[in-house]
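Student: just coords:
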DNA sequence: ATGATGAATTCACAAAATATTCACATAAAA
DNA sequence: TTTTATGTGAATATTTTGTGAATTCATCAT
């Protein structure tokens, strides 16, 4: 039986979803804020998480980000109409789908089923990007160089991911900080440099692919055609 | 139009796939064994390769390995039921997806489309302007002359950007200083000239495109130039 | 709780790269 | 020719990044 985690601060919404989900044969658990959601989802394996964006304590985006650090559980976001549309649409956080409130329970169930089917069918398919000998496996969160695993810290991995997913594009320092650190980073100027340094070191020869754009930021060099 | 390479020793399977793929708007080529597949895929750029595992001469895995030495073309493997173990093994070789035989053509098409979408995911449209051999890619912040990267300092790049975006238009020194430097530049008279000099030097033959308008400023020549 | 461990961040400089200035050469207008 | 504006190389100033060594944080096992 498929197990879902329903996250929303409004109990009425949770109950509504749970009711329909049970009817569809799902096993449901609930959480009323982001913290609970992160906690539960990391301690147990759910087949899918349905989570609201606006919540007290910890919002849906942040919770999603936290969960993604450790797990790949599919996540469907519930967003109020017009709320942070670009962010949801931006997909930076690894959201699998989103449903706009108010939604019909039927619609939501369809989305859940679609995702479960998709995930099932391709659960072994690893989303990955390869640049010559450098392979980033996003599904497994593994980076290898010529087949040898490279040990990266979480931040280094996040940074590399973002750079590589946007390879060939000039990324400003601000953009990098916003996307890898968060929308509220006000730390030291050298934090980014330091991580770039560590990343370059760990990537060995591939470190050169990270080119610095003076006065702007960095860019991961796109592989030239063969 | 997307180009596929279909590799299978059974002609009936190939034909079946080709038929559906053409219907979906793909351009198809075929190979009946691993050797042919390697040969073809290295001499041409395909958007995706669909390849059977069990084949005479050279099996799918070995062919995949060979291809990966040179190219990163997405590969979808076709595996007979019961080759489960091989699947996992296959992913280490850089296979992008697999489909179990017997499969529905629709399923295969979906996988192909999914992969093409994924691979092209990062290829967002780059805003760029080309003047003969001189290409300015604003998205990547890269300037190339006949495909060769040109190394420009931030100011040089900004200056070139502004000139080129306003090519064919006479730009006063004042306007250039205001737009490239800022509304509060009160430096030396020679600052602009010096940067123009450096820029011209770095642009080689294309330096001539920056024409000086005595008593006024500069203009980036629109097209013709002898 | 406590300490050990590894990661993230900060800090103070070092090292580059870039920008600006200056004195003078050159080239175009008057 | 004289005047005026632009081009240039070299010296100097400024800005931006890179780096190693703390320091702080967070996590985990004891």
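Tutor: Thanks, I have the structure now. Note that the structure is a prediction, hence the values are computed from the model and not measured.
Student: Which positions within stretch A:19-27 qualify as buried?
Tutor: Residues A:20-21, A:24, A:26 are the ones in stretch A:19-27 that count as buried (16 or more other C-beta atoms under 10 Å in any protein chain shown). Heads up, the C-betas are built off the backbone N, CA and C, glycines and all.
Student: got those residues as TSV, with pLDDT columns?
Tutor: Supplementary listing: the buried residues of stretch A:19-27 in TSV, determined by pLDDT from 0 to 100:
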residue	pLDDT
A:20	89
A:21	90
A:24	86
A:26	91
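Student: would you list these in JSON lines and tack on distance to DNA strand D and secondary structure?
Tutor: Rendered in JSON lines, the data for the buried residues of stretch A:19-27 read as follows (distance: C-beta to the nearest atom of the strand, whole Å; DSSP: H, G, I helix; E, B strand; the rest coil):
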{"residue": "A:20", "distance to DNA strand D": "35", "secondary structure": "helix"}
{"residue": "A:21", "distance to DNA strand D": "30", "secondary structure": "helix"}
{"residue": "A:24", "distance to DNA strand D": "34", "secondary structure": "coil"}
{"residue": "A:26", "distance to DNA strand D": "29", "secondary structure": "coil"}
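Student: Between all of those residues, which two are separated the most?
Tutor: Based on C-beta to C-beta, the longest span within the buried residues of stretch A:19-27 runs between A:20 and A:26 and measures 8.9 Å.
Student: Go ahead and confirm residue A:168 touches residue A:131.
Tutor: No - the pair formed by residue A:168 and residue A:131 falls short of the contact definition of C-beta atoms under 8 Å, at 10.9 Å.
Student: low pLDDT regions in chain A?
Tutor: Regions of chain A meeting the criterion pLDDT under 70 cover residues A:69-70, A:81-98, A:114-115, A:117-127, A:183-184, A:223-226.
Student: Would you map out the domains in chain A?
Tutor: The record's domain parsing of chain A by automatic domain parsing lists A:3-121, A:128-220.
Student: Can you say which of these is nearest to DNA strand C?
Tutor: Shortest distance between DNA strand C and these, using C-beta to the nearest atom of the strand, is found for domain A:128-220: 2.6 Å.
Student: distance between the ends of that closest one?
Tutor: Using C-alpha to C-alpha, to the nearest Å, one end of domain A:128-220 lies 16 Å from the other.
Student: Show me which residues of chain A sit near DNA strand C.
Tutor: For chain A, the residues found near DNA strand C under the criterion C-beta under 7 Å from any atom of the strand are A:151, A:153-156, A:181, A:185, A:187-188, A:190-191, A:194-195, A:198, A:214-215.
Student: For chain A, just list every one of the helices.
Tutor: Listed in chain order, the helices of chain A (DSSP state H) span A:11-23, A:34-43, A:60-70, A:85-90, A:105-121, A:154-165, A:173-176, A:190-202.
Student: Now tabulate those in TSV and tack on distance to residue B:221.
Tutor: What follows is the helices of chain A, written out as TSV (distance: least, C-beta to C-beta, whole Å):
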stretch	distance to residue B:221
helix A:11-23	63
helix A:34-43	57
helix A:60-70	49
helix A:85-90	40
helix A:105-121	54
helix A:154-165	37
helix A:173-176	34
helix A:190-202	39
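Student: Format those as a markdown table; extra columns: distance to chain B.
Tutor: Shown next, in a markdown table, are the helices of chain A (distance: least, C-beta to the nearest C-beta, whole Å):
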| stretch | distance to chain B |
| --- | --- |
| helix A:11-23 | 26 |
| helix A:34-43 | 25 |
| helix A:60-70 | 17 |
| helix A:85-90 | 12 |
| helix A:105-121 | 8 |
| helix A:154-165 | 6 |
| helix A:173-176 | 13 |
| helix A:190-202 | 17 |
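Student: out of those, nearest to residue B:53?
Tutor: Distance to residue B:53, taken as C-beta to C-beta, is lowest for helix A:105-121 among the helices of chain A, at 18.7 Å.
Student: Could you find the closest non-adjacent residue to residue A:105?
Tutor: The shortest distance from residue A:105 to any non-neighbouring residue, by C-beta to C-beta, 6 or more residues apart in numbering or on different chains, is to residue A:20 (3.9 Å).
Student: how much space between that neighbour and residue A:109?
Tutor: According to C-beta to C-beta, to the nearest Å, residue A:20 and residue A:109 sit 6 Å apart.
Student: cool, and residue A:202?
Tutor: Taking C-beta to C-beta as the measure, residue A:202 falls 44 Å from residue A:109.
Student: can you check residue A:137 too?
Tutor: For residue A:137, the distance to residue A:109 - C-beta to C-beta - is 32 Å.
Student: If we ignore the residues flanking it in sequence, what's nearest residue A:177?
Tutor: residue A:185 (4.8 Å).
Student: before we move on, what about residue A:146?
Tutor: Excluding the flanking residues, the one nearest residue A:146 by C-beta to C-beta, 6+ apart is residue A:133, at 4.3 Å.
Student: The residue nearest to residue A:105: what's it in contact with?
Tutor: Contacts here follow C-beta atoms under 8 Å, 6 or more residues apart in numbering or on different chains; on that basis residue A:20 touches A:105-106, A:108-109.
Student: Relative to the whole chain's centre, how far out is stretch A:4-15?
Tutor: In terms of C-alpha atoms, centre = their mean, to the nearest Å, the centre of stretch A:4-15 is found 21 Å from the chain centre.
Student: tell me which residues in it are buried?
Tutor: Of the residues in stretch A:4-15, A:4-9, A:13-14 count as buried by neighbour count, 16+ other C-beta under 10 Å.
Student: Also stretch A:171-185?
Tutor: Of all the residues in stretch A:171-185, those buried under the rule 16+ other C-beta under 10 Å are A:171, A:173, A:175-177, A:179-181.
Student: Run through those and flag the ones next to DNA strand D.
Tutor: Intersecting those with the contacts of DNA strand D gives residue A:173 (criterion: C-beta under 7 Å from any atom of the strand).
Student: So what's the residue count around the residue nearest to residue A:146?
Tutor: Burial of residue A:133 is recorded as 13 neighbouring residues (other C-beta atoms under 10 Å in any protein chain shown).
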